[in-house]
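# starting from these lines, generate the structure:
(chains A and B)
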Amino acid sequence: MGRSWSDLVVFILKRLVQLIPVLLGVIIITFFFTHIAVSNPCAIWSGPKASPSTIEACIRNNHFNDPLPVQFYYYIEGLLSGNWGVDPLFHLPVLPYLLTTFPETLELVLTATVMMIFVGIPLGVVAAASNGRIADHLVRIFYLSGWATPTYIAGVILAIGLGPLLGVTGGDFSTTSAPVPQITHMSVLDAIIALNPSATGDAIVHLLLPALALAFLNMGIATRMTRSSMLEILPLDFVKTAKMKGLGDFWVLYKHALRNALITTTTVLGVTAGTMVSGTVVIESIFKWPGIGLYAYDAITGYDFAGTIGVVIFFAIVVVVANMISDILYGILDPRVAWR
Amino acid sequence: MSLDLLPGRVVGIVGETGCGKSTLGHSIPRLLPEPPAKVKAGKIIFQGTDLLRLPKWRMPGIRGTGIGMIFQEPINSLNPAFRVGDQIAESVRIRKLRERGLMPGIKPEVKGFDYSKRELPKASDVVTGPFIPPNVSQTLKARGVPMTKEIHQEVLDFLRLVRINDPERIVSLFPHELSGGMRQRIMIAMALSGKPALLIADEPTSALDVTIQAQVLTLMKELMEEVRTSILFISHDLGVIAEMADELGVMYAGHLVEFGPVAEIFGSPRHPYTKALLRSIPNKYKDEGVLPSLSGSVPNLSHLPEGCTFHPRCPLARDVCKHKPEPPLAILPPGPQALLHKSACYFPEEVPSMP
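Next up, the predicted model:
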């Protein structure tokens, strides 16, 4: 059958093995792009007033005079031994920094995904149920406006317009008033672990707007997919069967019809999750959210090769894992599908 | 069109494809999608209530325990995402909740389905009790809400009722793991598990292949004896109707053209369309050469011919039929059995001698 829990474990393991060639490809592409585009960034790294000897040392330390394949070998060697390179400005190691900033982004993306699921999908159901009537049009206006708004405008409006109302001034959504021990590096989760209700509330307030901005921009995909697959499912006989049992409209729509419509929506959401992580680059810059997106921006503009490749590796992992999760959910939602 | 369905009776509806049989079946529990469908006028009186005048949100209370339905295609009529046992359990749970007054809706008949000795309930009795969402189990458990175990037992009972021998295995299967005939049995079990006062069977056997068709028909026939519920049996197959129904209505182009006891309609049809239909049934024993068939096809329902809708194809048609409005479904002078027999033809007495 291919539907037992042991099959699921095998499925996950297979997918994780598939992650290796994906990562290798991503690393090769990013490495050669960065190193070919800017073959010797030492002059920039060392600053305008650097002495020739400093630049010389920099070139030597980074093997920039070696052939590219050799440089690549050094990089991979470091990568496998846990040394993901150092950031050129402060000479801080990249990996620990990524590991602390990535959870912040994950928190943002997960919150936005939850918002999309719990607002976007019901809106799609509402739109499909009132197909062609006023509620349908209102929902369409809502999600199209999210879709059509440039990321930076929606972000700036929320940060400047609504931020002060929530008590976040200066557009800086990173700081929380009460410092709590950083265990998971997710601000809300850390505050909860520290059992600090005021810090939790504060963290949630800070998280709300950036997540809302991210969700609002991507909401259309969830709503639209749900609406169209609901419209395909509503005329089917089993929906009538559910009605003829005596079930009320709510259960017919949200249990019988949506359960089947979600199969398509889940697949699309899996793809979107990957897009959303890269969408955080702009959102995090606007909200000054201390996540991997902000770091990606700094790394790329600062010719930080190690940082750039590191960020890309994390993005690739997120995309693959998000797709894996959506495939697992697909199998759970549709009993006709086996995990392979 | 006008149709009376008495408690405990089986009324067959027969007609060509596209004559509105299924629309009729769907319009009774108000299943037609609105819009585009709109029932403009008329009455659907069910247990004393005009369903057309009932607000839409009260319709679920009528369905399930009041009116049940079996659909044409068993492939599409079960939800592919849920186990069949759970799907039947849902229907059983709704009935049990209504039996105990915990969910608004018609209460199923507890002792059989014999309505003949009982007065019809008043409109005010039909839907009672406050609104309680059907699935908030925790708070309701204390109030006598049916437990999973007793529901499960009933699910198994209903599966045995439709002659499924190993219900314990079947309940945990998904619809796609079952054959068409099995799925239709499950559908029948599900519809019956609500103990509806009226069961609408919309061509329940048309999508099945012939051997399975016979099995399902035999099953339905047996079940009719066991659960005395009123049935509206829709089919395009006169043979099937003859087997199942007490009374027969013949539909043509959205109108009922003849209505009466099955034996009488088969013995002496009083509408030219019925007669033509009966003549097109192949005779088992002798080869009569070309099977007589009716020329032309059912008119487009949005461009019905003037006068009697059947006149372009009718061998008895004359000028009156083209110009006078649609003939009403009139009661005929009593035949040999003195039973109610209606026909919508201006010349019913000429039908027996129709060429």
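# going forward, measure contacts and count neighbours with C-alpha atoms only.
Fine.
# ok, the spatially closest residue to residue B:244 that is not a sequence neighbour to residue B:10 distance?
The shortest distance from residue B:244 to any non-neighbouring residue, by CA to CA, 6 or more residues apart in numbering or on different chains, is to residue B:221 (6.4 Å). Distance of residue B:221 to residue B:10, given as CA to CA, to the nearest Å: 10 Å.
# so for the two, which sits in the more crowded spot?
residue B:10 (24 against 14; other CA atoms under 10 Å in any protein chain shown).
# surely that one and residue B:241 touch.
No. The criterion here is CA atoms under 8 Å, and residue B:10 misses it with residue B:241 at 9.6 Å.
# quick check: neighbours shared by those two?
Shared contacts of residue B:10 and residue B:241, defined by CA atoms under 8 Å, 6 or more residues apart in numbering or on different chains, comprise residue B:233.
# can you give me the helices in the stretch 51-200 of chain B?
For the stretch 51-200 of chain B, the helices defined by DSSP state H, counting those that start in this stretch cover B:59-62, B:74-77, B:84-99, B:123-126, B:137-141, B:148-161, B:167-170, B:180-193.
# and the spatially closest residue to residue A:233 that is not a sequence neighbour, helix, strand or coil?
Excluding the flanking residues, the one nearest residue A:233 by CA to CA, 6+ apart is residue A:257, at 6.3 Å. Reduced to three states with DSSP: H, G, I helix; E, B strand; the rest coil, the structure at residue A:257 is helix.
# what do you get for residue A:268?
Strictly by three-state DSSP, residue A:268 counts as helix.
# against residue B:249, how distant is it?
Between residue A:268 and residue B:249 the computed distance is 50 Å (CA to CA).
# which of those two has more residues huddled nearby?
Higher neighbour count among residue A:268 and residue B:249: residue B:249, with 29 against 17, using other CA under 10 Å.
# run through the residues that contact whatever residue of the stretch 201-350 of chain B ends up closest to chain A.
Closest to chain A within the stretch 201-350 of chain B is residue B:202: 11.7 Å, counting by CA to the nearest CA. Contacts for residue B:202 were tallied using CA under 8 Å, 6+ apart; they are B:22, B:25, B:69-72, B:233-235.
# right, and the pair among these with maximum separation?
In these, the most distant members under the criterion CA to CA are B:69 and B:235, with 13.8 Å between them.
# just want to know which of those two has more residues nearby.
With neighbours defined as other CA under 10 Å, residue B:69 and residue B:235 compare such that residue B:69 has more, 29 against 24.
# hang on, that one packs against residue B:199?
Yes. Counting by CA under 8 Å, residue B:199 is a contact partner of residue B:69 at 5.5 Å.
# intersection of neighbour lists for those two?
With contacts taken as CA under 8 Å, 6+ apart, residue B:69 and residue B:199 have residue B:191 as neighbours in common.
# list, one by one, the residues from the stretch 201-350 of chain B near chain A.
For the stretch 201-350 of chain B, the contact set with chain A under CA under 8 Å from any CA of the partner chain is empty.
# now the helices for the stretch 201-350 of chain B?
Using DSSP H, counting those that start in this stretch, helices in the stretch 201-350 of chain B cover B:210-226, B:238-244, B:262-267, B:272-279, B:319-323.
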